[in-house]
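# need a 3D model of the sequence below.
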Amino acid sequence: MDRLSELAEEILESLWVMTVEGDNVGCLLTSLKVTPDSAELQELVQLAYVEVRGDRVYLRKEGRMEAQMTVRRHRLAERLTMDILGMAGDEGNDQACAFEHLLRQGVDTKLCTLLNHPTTCPHGNPIPPGECCISAQQKGEPGIVALTELKSGESGEIAYLAASDDKKMQKLMSMGVLPGSQLVLVQKFPSYIFKVGHSQFAVDDTLAREIHIRRPL
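Reported below is the predicted structural model:
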């Protein structure tokens with residue numbers, strides 16, 4: 001099959017988020033910002049990935065896997081741009097949108113493996129697993145999540161720090177927050193309190209998102 005156009009991929013992504021992850025049965029054409037005769041929508045109709053009935057678009061079972069993998073590529077791209085490259089806000093979102101379309105022909109698998117099979121995006125939304133994730137689980141290899149995604153009482157090994165500036169990095173390192181150290185999350189509200197060794201520290205939400213934990217299976 002020829003590669004889908006970028007706009008067609010974005011339609012599938014929106015359909016997945018609104019229908020599979022959301023409560024909608026179908027999506028309004030206006031919500032997808034397309035017209036019934038738009039080239040990108042017709043591209044998906046011809047592949048039987050979607051069906052248009054009236055003013056709504058419905059994701060067909062034939063298109064679910066492609067839609068799921070499109071969402072996967074986008075959320076992996078968010079992890080790369082926001083966690084590793086330190087791009088936040090609109091810049092991070094824009095770069096993730098641009099980069100996701102390049103994650104083809106196994107590049108998404110390589111990126112996912114590099115990131116150690118993250119289970120959620122920086123916004124806390126689930127990253128659909130790929131074959132590499134399933135294989136890693138079968139081998140007993142843990143995934144990596146931000147500290148904010150642990151529950152109180154959970155523990156794990158610090159995998160890496162994605163501090164957006166040198167001052168934050170120095171602050172974390174001065175606490176002993178170093179890759180390879182064991183961390184236990186004590187509480188999440190009103191601030192994140194965690195233990196490293198025999199010491200206990202408190203950080204805000206922003207700094208907590210920059211500490212990435214290898215969660216045990």
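# show me the contacts for the closest residue to residue 205 other than its chain neighbours.
Closest residue in space to residue 205, ignoring its immediate chain neighbours: residue 148 at 6.5 Å, by C-beta to C-beta, 6 or more residues apart in numbering. Every C-beta, even on glycine, is put in place using the N, C-alpha and C of the backbone. For residue 148, the contacting residues are 124, 188, 192, 205, 208-209, by C-beta atoms under 8 Å, 6 or more residues apart in numbering.
# mind listing the strands for the chain?
Using DSSP state E, the strands of the chain run over 27-28, 50-53, 56-59, 143-146, 155-161, 182-187, 192-196, 199-203, 211-215.
# that older thread, in helices, which of the contacts of residue 148 appear?
If you go by DSSP state H, the contacts of residue 148 have 205, 208 in helices.
# got a quick ChimeraX command for the buried subset of the contacts of residue 148?
ChimeraX command restricting the contacts of residue 148 to the buried ones, with burial defined by 16 or more other C-beta atoms under 10 Å:
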select :188,192,208,209
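# and the contacts of residue 148, which two are the farthest apart?
Using C-beta to C-beta, the two most remote members of the contacts of residue 148 are 124 and 192, lying 14.4 Å apart.
# pick out the shakiest of the strands of the chain, pLDDT-wise.
Across the strands of the chain, strand 143-146 has the smallest mean pLDDT, namely a mean of 78.
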